[in-house]
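> Below are the sequence and a predicted model; questions follow.
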Amino acid sequence: MKRYFVSRHSPVRRKRGCGGSTVIEFVLAGIPMFFVLLSMFELSRGLWIYHSLGYAVREGVRYASFHGKGCTSPNTCSVTIGQITSVILTAGPGLDADQVTVTFTPASGSTSSGTMTSQLTSTTVWPPSGANVPGQTVKIAVKYPFQTFLGILWKQSVGQQTFYLAASSSEPIQF
């Protein structure tokens, strides 16, 4: 059996003195990578909310455009702002009804705007009678304040770190 002699200048002995460099390298590489990972999650969350807003408002406009003055069942043709808002809320999962501002704009007449929560209880028939004929354009717009938790890493002088995500859709009344 051979015996190996370890001198004081051997690599085995020198390795014991380099233990702190691993921690420093991890800190220098790990913290930025953690920040990049969190940023990717926040960006993904923002894009998901933006896509949900766009899809939900498109479904609301589609619902309103097919329930015009000349639709096939005259007893249920008129729709209210509350019913359209309910369609938008159903089509947009994860949207906070207290935060989303919905604006209803007919081709002619007055515009109605408010949070989804306040619009859900509205019994106002929409589009109004002057703008409820086939070919008239209806438009719905939504706005959502997106708050990122990455704002705590920025200076207070930058602001509130609230970004408004908006989507709108318009379509002519079909029937």
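On my side now, so go ahead.

> Which residue ranges of this structure form strands?
When assigned using DSSP state E, the strands of the chain occupy the ranges 101-105, 112-115, 137-147, 162-172.

> The shortest one - contacts with which helices or strands?
The one in question is strand 112-115. Under the contact criterion of 3 or more C-beta pairs under 8 Å, 6 or more residues apart in numbering; DSSP states H and E, strand 112-115 touches strand 101-105. C-beta: built from backbone N, CA, C; applies to glycine.

> for the strand it packs on, the distance to its chain's centre please.
Here strand 101-105 is found 17 Å from its chain centre; the criterion is C-alpha atoms, centre = their mean, to the nearest Å.

> ranking the strands of the chain by burial, who's on top?
strand 101-105 (a mean of 21; mean count of other C-beta atoms under 10 Å).

> Need the contact partners of that strand.
81, 84-85, 88, 111-116, 119, 126, 138-144 (C-beta atoms under 8 Å, 6 or more residues apart in numbering).

> hmm, 6 Å instead?
81, 111-113, 115-116, 119, 126, 139-143 (C-beta atoms under 6 Å, 6 or more residues apart in numbering).

> follow-up on the earlier one: can I get the strands of the chain in CSV including distance to H67 and mean pLDDT?
Formatted as CSV, the strands of the chain follow (distance: least, C-beta to C-beta, whole Å; pLDDT from 0 to 100):
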stretch, distance to H67, mean pLDDT
strand 101-105, 13, 96
strand 112-115, 16, 95
strand 137-147, 10, 93
strand 162-172, 12, 92
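
> in this structure, which spans are helices?
11-15, 19-65, 81-91, 116-120 (DSSP state H).

> For P106, find the nearest of those.
Of all the helices of the chain, helix 19-65 sits nearest to P106, with 9.2 Å by C-beta to C-beta.

> that older thread, can you put the strands of the chain in a markdown table and add distance to R58?
Listed next are the strands of the chain as a markdown table, based on distance: least, C-beta to C-beta, whole Å:
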| stretch | distance to R58 |
| --- | --- |
| strand 101-105 | 13 |
| strand 112-115 | 19 |
| strand 137-147 | 9 |
| strand 162-172 | 5 |
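
> Of all the ones you listed, which one is nearest Y55?
Comparing the strands of the chain by C-beta to C-beta, strand 162-172 comes nearest, at 8.6 Å.

> and that closest one, how far from the chain's centre?
11 Å.

> swap in stretch 81-94?
So, by C-alpha atoms, centre = their mean, the centroid of stretch 81-94 is 15 Å from its chain's centroid.
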